[in-house]
Structure formats: structure tokens, C-alpha cells
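Colleague: need coordinates for the below:
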Amino acid sequence: MAPSSDPRRPLRAALAALAVGALALSLTACATGTAGGSASDAASDDVYRLPITDPGSEIDPLTVADYNAQIISGLVTEPLISLDAAGDLNPRLATDWSASDDGLTWTVTLRDGAVFNDDTPVTSADVVATFQAITAEDSQSPGRSAFDGILDSVAADGDEAVVFTLVRPFSDFPLLLTGTNTGILPADYEPGTWLDNPVGAGQFLLEDYTVGKGATYVKNPKYWNADAIELDGVELKVYGDTQATLLAFQAGEIDRIGLTSDVAATVDASKYNTISSGYNKIDGIFLDVTAAPFDDPTAREALAWAIDRQGLVDDVYQGNADIADDVTFFPDYDPQPAGLEQREQDLDKVADLLDGRTLSFTITTDNQLFGEVLQQQLNAVPGFDVDLDVLTGEQYYAEGDDTPWLTAGVTVTNWAKRVPSQYVSLIYAADSSWNASHYANPELEDLTAQFDATTDPDERQQLADRIAEIQWTDLPVIVPAFSKAQSLQDKRVKGEFAGALDFYTGYDFSGISIED
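Modeller: Take a look at the predicted model:
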């Protein structure tokens, strides 16, 4: 299953103040009158069945951060643009987008005839209201972080176009429109009311939701691309733990399961289809560059050369990742940095860099498997004495000035896929509140601003090379691998998903069918 949020996925901390009510309700024939079928429809054979865990958060499209809550609302809502597994942009509620000559405005043309599931048309006013809610000063939306320092304002240009005015030129701006919480909602939507009236312009209608059990959906006949939706519906089933999910998959109760190490060790994969849905995250190793031992650049470099990256790919990601080289340019992003030496474990270099020293430190994370494998690797290398502190997600992302994921000396934190410059603004920039390494480099930030501002391919390549060289050399964050989304799927499911079932793909079910 895809990771839980937007990447920054550590936005659980930012959302801790949200009221998490006991949502003991069941939705049937919602107030909008949009429930287009009965419970018996959702139980038919042409229904795709997915496992989830209880969201543990309020289910509102504007504020959901947890994967499980996101998919509950994301099957009903529709973004302007989505990404596919190859990293290409696909039109959804938007059909065209273009920048002004100075790069400071982007005009997005809306799809003619798209309607919400209450029959009201999707207009520019709805898009404006949605993005104003996401980016408002008091917004608790995880999506806000993607637009901080980039988006200045959004305004309608008639009913069928929207103009986004930027603080600075940002050539990758359309990619931000695929982010978390960007499903379009009606202009009069009242935050916190979505479960009472699950409105959206997406592929499915929420027919029933019961806390602790799951949700059922039926096809939305008014969806703009309804002809491409071959399923009768989707069913989300709540399971309490990974073992229960695994047993349900083996029993044929669900159609998909994430290919984790536990699943790989238990399930005969030949009985299922293995599906890979493109890159979805990095697990960054963040080093506090202001405190010993990693205030010394040679210590950071020794750690980078001590890691067995292929071992991480094999043991943590079950082979479903590409070795990375400590830069934030995903392999499907263009341009790709050139001129760097690919790091792999080199014990001679480690010995030279340590020069007889022993680096003693603790890895703090909520990712137990990654932490254990990394600790074992490093403790097998002369000159390393590494402890491990595995916390729950709630502990790791706890609120307050001493929250572990931002204050511990060495942390492992997963971040969802973003464009390279977003990583710079969020985890490398001196003034970022999520800069767990406490790193600062004005040159890196200046080069990134130049990179964002230009669309010239040669200039972008040169800037990408320089940005990557600084990341590779300074090493406030070690990026050992680019993870891919991979799952096992029941062979009764036919068709190929456009990408991972996650927010950035818009949970695209077009072309998927069931054949028993």
C-alpha cells in the first residue's frame, strides 16, 4: 500500500491539533442524493476490494493526511491534474495549463461539462475556493506546505479558467496541482461536513462508511470520464493489523496487498500478479550538522560510504527500489543530474575518512525495518557504534519544540515524492521548520530559485548538476534509495493502473475491470 500522506508525510505532527471524533456513523443515500446504487451493487463481483486501517483522523478532503483517510475521500473527489507511473501529467478537471512569459502566472483551463455528484457544474469559483482553503493563513491542510513561498493568489478568469499568480517563477507548478488535498470541492463547501454530504466530481460515490469496518462505493455515472470506469464500485475493508490483512488476501477477501517483507516471506507470489506503480517516496537519513559527530563533514561522508545501499534495496524494499546517490532528483524526473560518482559501500574510504575515530550515535525513527537493517549494516563496519530508538508514529511526530523527528541527532523519515526544488525549500532551506538537519547553504537556495525560474533545458541541466553536487557533497540528508510502490494483486483484476493508488495519481481506476 502506498504511504500515508503527502508527502511531507510527517504532517501527522502538524495535524495533531485536529479533533479526532468518534465517527460512529453510517452513510446511506447521502443528503446530496448522489448514492447511485444500493449496498447490493457494492457487493457485486465487479468491485475492487482494498484493505485499509482505521484512519484515526477526521475525514475531510481539505485536511486528511493519513493514507487511509485520503483514499476514503479521494475516490469521490477529482483533482485538476494527476501523475502517472512514468511521471507524466494527465488532464483531469483541467484540460490545459500554461505559464506567462515571465513565469509568474499560470492559467488553467477547466474541462467543459464536468459536474459534481449533486449535478452542479464544476466552475472556476470552485477551484478558487478550494485552493484558498488549502493555502489560507489558518489552514490546517497538509497541502498548504506545497504552496508556501510559491503561490501568491488564485483568481477566476470567467467560469472556465483559473489564474494562479506566483510569488516567484516556478516551472514545475503544474506538478503541485497533483498534491495532497487538491481534490476540487464546491465553493460553498463547509470544512468538517464532508461525511454528512460526501460531494465530489470523481469516479465513485460513497455509499456507506462505518468506522472500524470500511466503506463501499458505487460508480459515479456523472463522472466526466465515466465510460472508462468499468468497475461497479470499490470496497475498502478495515483490518486491525498486517497479519489480518495478509490472511484476508490469502483468503481472497481483498484484491491487493503491499509487497512488504512479511508478505514476500509468506505468500506464493506466482499465484498473483505483481504490479509496480512507479516511485513513491524516499526514506531520508537526516543528520544534525550542528552537533557532534555530524557537525564534521568527514563524519557525514564516512556514513554515506558505509551504507550498503543494495542491501537496503534488497532487505527493506524487497528489491523494489532504485539505488540513490544522496540527491532529491527522482529517476523519472527530467533533467537528471550528471557528473556525480555513484556511492556504494566502500570500507577503504570509510577507514580513511574516520582515521581511527569511532562514530557513536543513535538512529531515531518510526520505521523499524529500515532502522534495524541500517543499524546492523553500520555496526558491521569498523568505526561505528550505533544504537536504535524505534518510536511509534505518534511519538516520532509528536507536537512541540522537542519533537523527535526534528530534534534527534540522526533520524530516518519518509517523504512522499515531490519535485526536487520542493525538497530544498522544505528540508534544506535555513528557514524551513522541517529542516531536521539544521543545515543552511545560501548558494543551494539561490541555485534552486534559478532552477525554478527557467524553462531553458540547457540552463536547467546545468543548475540541476550544481544543486545535486552540493547535496552530494554537504550531505545533511543521505538519500540511499528511491522507493517504488509495489503490490500483489488477485488475477481476477484486469487492466493496468496508471500509477499507485495515491493522491498524486488521483486514485485512477480507468480501464480496470474484474474477470472471475
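Colleague: quick check: residue 47 touching residue 514?
Modeller: Yes. Proximity of residue 47 to residue 514 meets the contact threshold set by CB atoms under 8 Å, at 7.2 Å. Using the backbone N, CA and C atoms, a C-beta is placed for each residue, glycine as well.
Colleague: can you check which residues contact both of the two?
Modeller: Counting by CB atoms under 8 Å, 6 or more residues apart in numbering, the shared contacts of residue 47 and residue 514 are residue 231.
Colleague: ranges for the strands of the stretch 251-400 of the chain?
Modeller: Under the criterion DSSP state E, counting those that start in this stretch, the stretch 251-400 of the chain contains strands at 256-258, 273-287, 321-323, 359-365, 384-390.
Colleague: in the first one, what counts as buried?
Modeller: This points to strand 256-258. For strand 256-258, the neighbour count (16 or more other CB atoms under 10 Å) marks 256-258 as buried.
Colleague: what's it packed up against?
Modeller: Helices and strands touching strand 256-258, by 3 or more CB pairs under 8 Å, 6 or more residues apart in numbering; DSSP states H and E, are strand 47-52, helix 242-250, strand 481-489.
Colleague: and these as TSV, adding mean neighbour count?
Modeller: Converted to TSV, those look like this (neighbours: other CB atoms under 10 Å):
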stretch	mean neighbour count
strand 47-52	22
helix 242-250	17
strand 481-489	22
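Colleague: which one, of the ones you listed, ends up nearest to residue 145?
Modeller: Shortest distance between residue 145 and these, using CB to CB, is found for strand 481-489: 20.4 Å.
Colleague: what lines up beside that closest one in the sheet?
Modeller: Strand 481-489 sits in its sheet next to strand 256-258 (antiparallel), strand 273-287 (antiparallel), strand 321-323 (antiparallel), going by DSSP bridges.
Colleague: can you show me the CA trace of the one helix or strand residue 130 maps to as CSV?
Modeller: Assessed by DSSP states H and E, residue 130 sits inside helix 124-135. C-alpha atoms of helix 124-135 as CSV (Å, rounded to 0.1, in the frame of the first residue of the first chain):
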residue,chain,number,x,y,z
SER,A,124,-13.6,28.4,-11.7
ALA,A,125,-15.2,29.6,-8.4
ASP,A,126,-15.0,26.1,-7.0
VAL,A,127,-11.3,25.8,-7.9
VAL,A,128,-10.5,29.2,-6.4
ALA,A,129,-12.4,28.4,-3.2
THR,A,130,-10.6,25.0,-2.9
PHE,A,131,-7.1,26.5,-3.2
GLN,A,132,-7.9,29.4,-1.0
ALA,A,133,-9.0,27.0,1.7
ILE,A,134,-5.8,24.9,1.3
THR,A,135,-3.5,27.9,1.4
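Colleague: quick one: residues in contact with that helix.
Modeller: 62, 80, 93, 108, 110, 116, 139, 141, 143-144, 147-148, 151, 154-162, 164, 181-189, 191.
Colleague: among those residues, name the ones in helices.
Modeller: Of the contacts of helix 124-135, the ones assigned to helices by DSSP state H are 144, 147.
Colleague: now, of the contacts of helix 124-135, which are buried?
Modeller: The buried subset of those (16+ other CB under 10 Å) comprises 62, 80, 93, 108, 110, 116, 139, 141, 143-144, 147, 151, 154, 156, 160-162, 164, 181-187, 189.
Colleague: just give the closest residue to residue 266, not the sequence neighbours.
Modeller: Spatially, and ignoring its direct neighbours in sequence, residue 266 is nearest to residue 246 (6.1 Å; CB to CB, 6 or more residues apart in numbering).
Colleague: so residue 196 versus residue 206, what's the distance?
Modeller: Residue 196 is 11 Å from residue 206, where distance means CB to CB, to the nearest Å.
Colleague: neighbour count winner among those two?
Modeller: Between residue 196 and residue 206, residue 206 has the larger neighbour count (other CB atoms under 10 Å), namely 30 against 13.
Colleague: spell out the secondary structure type for the more buried one.
Modeller: With DSSP: H, G, I helix; E, B strand; the rest coil as the basis, residue 206 sits in strand.
Colleague: is it true that it touches residue 198?
Modeller: Yes. With contacts counted by CB under 8 Å, residue 206 reaches residue 198, the gap being 4.1 Å.
Colleague: which among the strands of the stretch 251-400 of the chain is found nearest to residue 492?
Modeller: Of these, the one closest to residue 492 (CB to CB) turns out to be strand 273-287, at 9.7 Å.
Colleague: the closest one relative to strand 359-365, how many degrees between them?
Modeller: For strand 273-287 against strand 359-365, the angle by axes from the mean of the first three to the mean of the last three CA atoms, to 10 degrees is 130 degrees.
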